[in-house]
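Enquirer: Structural data only, the sequence is not supplied:
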């Protein structure tokens, strides 16, 4: 499996910005209150990133050779897929929170601190999730095969 490309993360972030902006624009246009993420979302995103790195530690130890017993390949696959999905989700949430923040800051009436700070914290939490997910994905990477091994005899 290939690593998550920066282009994928950039596309997810741009789509998130557009979705966050349009959602708040639609809510404000219909007379409803705009979406402001709760402050606890930033903490939850950061905690998910930390747990993801902790889940990838046994795989890293096997890859580096500091642990002798093998890791279940299904466990390693699940951790790798979770890391990839978390990186993309983190980029998407970073963009969506950025779109909400841009909407809040672009209004003629200044937004309150109670709206801007949690949105900024969510951006930071989502960025941290993306970074930690990419670290966990790198921890699951196998070393390249030895090219000095003798090829199998052909029949």
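Expert: That came through, no problem. Here the structure is a predicted model, which means the values were calculated and not measured. Numbers count the residues shown, from 1 in each chain.
Enquirer: Tell me where the chain has strands.
Expert: Counting by DSSP state E, no segments of the chain form strands.
Enquirer: So, low pLDDT: which residues of it?
Expert: 143-155 (pLDDT under 70).
Enquirer: need the longest helix for it.
Expert: Ranked by residue count under DSSP state H, the longest helix found in the chain is helix 73-105.
Enquirer: Quick check: which helices or strands does that helix pack against?
Expert: In this structure, helix 73-105 makes packing contacts with helix 6-29, helix 39-64, helix 113-139, judged by 3 or more C-beta pairs under 8 Å, 6 or more residues apart in numbering; DSSP states H and E. Just so you know, the C-beta spots here come from the backbone N, C-alpha and C atoms, and that holds for glycine as well.
Enquirer: Okay, angle between the last one and helix 73-105 too, please.
Expert: If I follow you right, that is helix 113-139. Using axes from the mean of the first three to the mean of the last three C-alpha atoms, to 10 degrees, the inter-axis angle of helix 113-139 relative to helix 73-105 is 150 degrees.
Enquirer: what is the orientation angle of helix 113-139 with helix 39-64?
Expert: Regarding helix 113-139 and helix 39-64, their directions subtend 10 degrees when assessed with the same axes, to 10 degrees.
Enquirer: so residue 88 makes contact with residue 8?
Expert: Yes. With contacts defined as C-beta atoms under 8 Å, residue 88 counts as touching residue 8 at a distance of 6.5 Å.
Enquirer: So for these two, which residue has more residues nearby?
Expert: When residue 88 and residue 8 are compared for neighbours, residue 88 comes out ahead with 18 against 14, by other C-beta atoms under 10 Å.
Enquirer: what's the nearest residue to the more buried one if we skip its chain neighbours?
Expert: The shortest distance from residue 88 to any non-neighbouring residue, by C-beta to C-beta, 6 or more residues apart in numbering, is to residue 12 (5.2 Å).
Enquirer: what's the neighbour count on that neighbour?
Expert: 22.
Enquirer: Next: residue 107.
Expert: Using other C-beta under 10 Å as the criterion, residue 107 is surrounded by 11 other residues.
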